[in-house]
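# Generate a structure from the sequence data that follows.
(chains A and B)
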Amino acid sequence: MSTYSLEELRHSASHVMAEAVQRLFPEAKFAIGPAIESGFYYDFDLPRPLTPEDLEEISRLMQESIKARHPFIREEVLRQEALQMFADQPYKLELIRDLPPEETISIYRHGDFMDLCRGPHVSNTGDLRWDSFALLNTAGAYWRGDEKRPMLQRVYGTIFPSKQELKDYLDRLEEIQRRDHRRLGRELDLFSLHEEAGPGLVYWHPKGARVRTIIEDFWRMRHYEGGYDILYTPHIGRSWLWETSGHLDFYSEGMYAPMQIDEEQYYIKPMNCPFHIMIYNTDVRSYRELPLRWAELGTVYRYERSGVLHGLLRVRGFTQDDAHIICTPEQIEDEILGVLRFSLRLWHDLGFDNVVAYLATRPEKAVGEPERWEQALVSLRKALEIENVPYEVDEGGGAFYGPKIDLKIKDALGREWQMTTIQFDFNEPERFGMVYTGPDGQEHRPYMVHRALLGSLERFFGVLIEHYAGAFPAWFAPVQALVIPIADRHIEFADQVFARLKAAGLRVEMDSSSDRMNAKIRKGQLAKIPYMLVIGDREAESDSVSVRLRTNENLGAMPVEAFIARAVEIITARENYRL
RNA sequence: GCCCACGUAGCUCAGUAGGUAGAGCACAUUCUUGGUAAGAAUGAGGUCAUGGGUUCGAAUCCCAUCGUGGGCUCCA
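Numbering: from 1, shown residues only, chains lettered A, B, ... in the order given. Next up, the predicted model:
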């Protein structure tokens, strides 16, 4: 079999799918049908919504087309001809009209189907394998992604060179479902959301909250070590604050309606920065006290459109691990490098070592002097290069108020999640009149950098759950050890063991129910508790526990003290993979 | 917000000619005291998302609302 790129395979499959749809709905209007990272799709304008049965029928027709081995035939046509050929296809006409005048217009035919297409394609439909594609789902999609334009029906599918590769892909989709944080959040009793109490608002259950407090404590410790101070600020602020910051002008659609207190309008905060600036401005500042690094686990509320809410990953109330670094121009390179290192180390400790960066530069419309932008950009770029972080440049992708680096981390399944952002702000220091006195005795405008490393604790927790599939490293597992007495007569010794583990600082639970040992182990396994400690006659006699790991590994009996020593060592080292 | 689908016990789900709801798991009680992933019996538990409508009668049909899920410029 000849070798085609996935792109060719997928794009060809999308044509074959369109052909099938045309046979099913002769009146269908066709929009676009590109190959994408995970497969392909095609957008159609159809007389009625597609059903799952339609997908089956489309699949069947596609198989027919593949078996018929229709050759793909390329033709180049003049613009006028193209306009005539697609006279009854309004979307195609729009595409043709938007093509630059010098562009060669090509069409591809196979069987009875013809499509405007740049190509390339496989040589005939038989180059696709009938058993290696799958239509996955349908969805609504706006023509050209514009919500003011018609909603089309999109069919997603995928195809691979071989059946096995398709199977691997579908297995991976299943694995993603198994790891879904919403599912694990329920199964492991970590968190919940309540429609009746407000969508997009997270309730942390005892076990989820336990993980959170451990990570927060760790975060605070690291921040103090890293030269940060930690702040607490209010949740609401008078409209003056948001007018001054500019949020009411630029961000009001993300903010909740004001509440009136006395005669004044107050807004719940969508960001922490104005509050930190208020603290900065409580005093005259000298260059001698800079840099200031002020961090806060600040809970903010932002309006997100109902259609985009998704478990912990997209919510309306969340806690940012926010910080603002206020420094002099001379300090920014060191500070940026420091933040980047700090962030990479934090990610490493949490078990994420795969990081890529996106550097966003000055957009057309921007505030702040160009020299400042330049200096900021240089510091960002330099830091990435010193730390050897692979990065892509998003030219003009910065916010109007400053350039930034976003870090995306890859999880255990290789998915990228945008978490960290390190962002200059040339807007708010200006608006709030932030100044410091330099060595020259003059007032200067400091640089201010916003940064959130984990991003939001809610979203981070969602990613964390999926990354570890709920099997958290022992150092932040909500329950580290489960004591399992075999029979009631072992409970007394088990109680002792429980108390000793607890005294050693371990988070331990005991299952003294009347379940059989096997059932207790099963429960421990399902709860993904790192250590299960079985206690029967032999252990009670020898002051030992029989250690079973959640990896199904059975370490056998060891003295209680030996287990404690082992566990404490692994936990205090914050090892992410060894149990 | 928009399109489509969905919303039945804590969870996963069954319940199509519309005739006053069912399973498994979980939970409770009792029996069982068992060596590395489910011992057994009994029991409790639902105004079938909410509000309207059609009907003698609605979980089942229609409408609205709320919520959930898959998506919504990887450009011929």
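
# Just after the helix or strand harbouring residue A:532, pick out the following helix or strand.
According to DSSP states H and E, residue A:532 maps onto strand A:531-535. The C-terminal neighbour of strand A:531-535 among helices and strands, as given by DSSP H and E, is helix A:537-542.

# Residue numbers of the stretch 1-150 of chain A in contact with RNA strand B?
Residues of the stretch 1-150 of chain A found near RNA strand B, taking Cβ under 7 Å from any atom of the strand as the criterion, are A:32-34, A:36-38, A:49, A:51, A:95-96, A:98-99, A:103-107, A:115-118, A:137-142, A:144-147. C-beta: built from backbone N, CA, C; applies to glycine.

# So residue A:7 sits against residue A:35, correct?
Yes: contact between residue A:7 and residue A:35 holds when scored by Cβ atoms under 8 Å: they sit 4.8 Å apart.

# all helices for the stretch 201-350 of chain A, in order.
A:206-225, A:239-245, A:247-250, A:273-280, A:332-349 (DSSP state H, counting those that start in this stretch).

# The nearest residue to residue A:495 once chain neighbours are set aside: what's it in contact with?
Across the structure, with Cβ to Cβ, 6 or more residues apart in numbering as the measure, the residue nearest residue A:495 apart from its sequence neighbours is residue A:510 (7.3 Å). Contact analysis of residue A:510 by Cβ atoms under 8 Å, 6 or more residues apart in numbering lists A:482-485, A:494-495, A:498.

# Would you map out the domains in chain A?
The record assigns chain A these domain ranges, following automatic domain parsing: A:6-178, A:198-233+A:273-468, A:236-271, A:481-572.

# Can the shortest one be said to contact RNA strand B?
Translated: domain A:236-271. No: counting by Cβ under 7 Å from any atom of the strand, RNA strand B is not contacted by domain A:236-271; separation bottoms out at 11.1 Å.

# So what would you say the end-to-end distance of that domain is?
Taking Cα to Cα, to the nearest Å, the first and last residues of domain A:236-271 lie 10 Å apart.

# Quick check: mean pLDDT of that domain?
When pLDDT is averaged over domain A:236-271, the result is 91.

# List the buried residues in that domain.
Neighbour-count burial for domain A:236-271, counted by 16 or more other Cβ atoms under 10 Å, picks out A:237, A:241-242, A:244-248, A:255-256, A:258, A:266-271.

# Find the closest residue to RNA strand B in the stretch 251-400 of chain A.
For the stretch 251-400 of chain A, the residue positioned closest to RNA strand B under Cβ to the nearest atom of the strand is residue A:307, at a distance of 2.1 Å.

# related to what we said a few turns ago, now, the residues of the stretch 1-150 of chain A next to RNA strand B that are in helices?
When DSSP state H is applied, those are split such that A:95-96, A:98 fall in helices.

# And the residues you listed, which is closest to residue A:545?
For those, the closest approach to residue A:545 (Cβ to Cβ) belongs to residue A:95, at 69.3 Å.

# The closest one touches residue A:34, doesn't it?
No: taking Cβ under 8 Å as the definition, residue A:95 is not a contact partner of residue A:34, at 12.0 Å.

# Quick one: buried ones out of the ones in helices among the residues of the stretch 1-150 of chain A next to RNA strand B?
The neighbour-count test (16+ other Cβ under 10 Å) applied to those identifies A:95-96 as buried.

# need the ones in helices among the residues of the stretch 1-150 of chain A next to RNA strand B in a markdown table with pLDDT, can you?
Written out in a markdown table, the entries for those read as follows (pLDDT from 0 to 100):
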| residue | pLDDT |
| --- | --- |
| A:95 | 90 |
| A:96 | 90 |
| A:98 | 87 |
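
# any chance of the ones in helices among the residues of the stretch 1-150 of chain A next to RNA strand B in JSON lines, with distance to residue A:132 too?
Output for these, formatted as JSON lines (distance: Cβ to Cβ, whole Å):
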{"residue": "A:95", "distance to residue A:132": "29"}
{"residue": "A:96", "distance to residue A:132": "33"}
{"residue": "A:98", "distance to residue A:132": "34"}
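
# Now do the SS call for residue A:379.
helix (DSSP: H, G, I helix; E, B strand; the rest coil).
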